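Asker: What would the 3D arrangement of this be:
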Amino acid sequence: MRSLILGGMTFLFLCSPSLHAEPKSLFDGKTFAGWEGDTEKTWRIEDGMITAGNLDVLVPRNEFLCTKQTYGDFELKVKFKLVGDKAKANAGIQFRTVRIPNHHEVSGYQADVGQDYWGALYDESRRKKVLVKPEKELIEKAAKIEDWNEYTIRCEGPRIRLWLNGTLTVDYSEADEKIDRTGIIGLQIHGGAKSKVFYKDIRIEEIALKGK
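Answerer: Numbers count the residues shown, from 1 in each chain. The predicted structure is shown next:
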């Protein structure tokens, strides 16, 4: 019986499509260790949260706080809150992204936040367009305006899925094989609005796809 059980466990292990590492936190709640960006004027830490923006003056331009490490296949969870001018306030979470040399912008996928882009997948600075936008009715039920929300971002090979507060909003497969499947992770504050964004509980679980 023992050999049968062990054999069955081995079979399930071998047939598993992916192997998961232990989830780890990307933010220690106290420092910017492992991150880089404009931490002098834009990004700061308040009460164990990463925050940027101002409710009294316009955010001058897009800014991104990015990981120093790159990631390929993973499941990322981030809690966030966006407050301010509802018509203009915007933020987002970058992934499979790169810094544009000698520029404040980045290029890559973004899980969008704010305006009518909640739950959407945007291609920042590359194709400069929304790749998938969920139905308005779905977002009205899922999004918590000016309150805490959570994104789950799962990347496996060409497939990208986004969940907003547990509701699947994007299931996208990248058809362009030239687009890199690795990159940094970034937190955005969008320019042009009186707004403030908060990020916390940033956790990643790396995935090793079978056969890679």
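
Asker: Bridged to Phe198, which residues?
Answerer: Legend: beta-bridge partners of Phe198 under DSSP bridges are Thr51, Lys81.

Asker: shouldn't it be in contact with Gly53?
Answerer: No: under the criterion of CB atoms under 8 Å, Phe198 lies out of contact with Gly53, with a separation of 9.0 Å. All C-beta spots, glycine's among them, are computed from the backbone N, C-alpha and C.

Asker: more neighbours, the two?
Answerer: Gly53 (25 against 19; other CB atoms under 10 Å).

Asker: how would you label Asp38: helix, strand or coil?
Answerer: In terms of secondary structure, Asp38 is coil; the call rests on DSSP: H, G, I helix; E, B strand; the rest coil.

Asker: Model confidence for Glu22, exactly?
Answerer: In this model, Glu22 is scored at 86, pLDDT.

Asker: Okay, and the residue lying closest to Ile100 once chain neighbours are set aside sits in which element?
Answerer: Sequence neighbours aside, Ser107 is the residue nearest to Ile100 in space, at 5.7 Å (criterion: CB to CB, 6 or more residues apart in numbering). With elements taken from DSSP states H and E, the one containing Ser107 is strand 106-114.

Asker: Dump the helix or strand following that strand to PDB, keeping only the CA atoms.
Answerer: Of the helices and strands lying after strand 106-114 in sequence (DSSP H and E), the nearest is strand 121-124. Included here for strand 121-124 are C-alpha records, laid out as PDB according to Å, rounded to 0.1, in the frame of the first residue of the first chain:
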ATOM      1  CA  LEU A 121      -4.600  45.400 -18.800                       C
ATOM      2  CA  TYR A 122      -2.700  48.300 -20.300                       C
ATOM      3  CA  ASP A 123       0.500  48.200 -22.300                       C
ATOM      4  CA  GLU A 124       2.500  51.100 -20.900                       C
END
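
Asker: Direction included, what does strand 121-124 pair against?
Answerer: Strand 121-124 has the following sheet partners, assigned by DSSP bridges: strand 106-114 (antiparallel), strand 129-132 (antiparallel).

Asker: Name the stretch among those strands that sits most buried.
Answerer: strand 106-114 (a mean of 24; mean count of other CB atoms under 10 Å).

Asker: average model confidence for that strand?
Answerer: This predicted structure assigns strand 106-114 an average pLDDT of 98.

Asker: Check what contacts it and list those residues.
Answerer: Contact with strand 106-114 is made by 64, 66, 80, 82, 89-100, 118-126, 130-131, 149, 151, 153, 160, 162, 170, 183-184, 186, 188, 190, 195, 197, as judged by CB atoms under 8 Å, 6 or more residues apart in numbering.

Asker: Many thanks, we can stop here.
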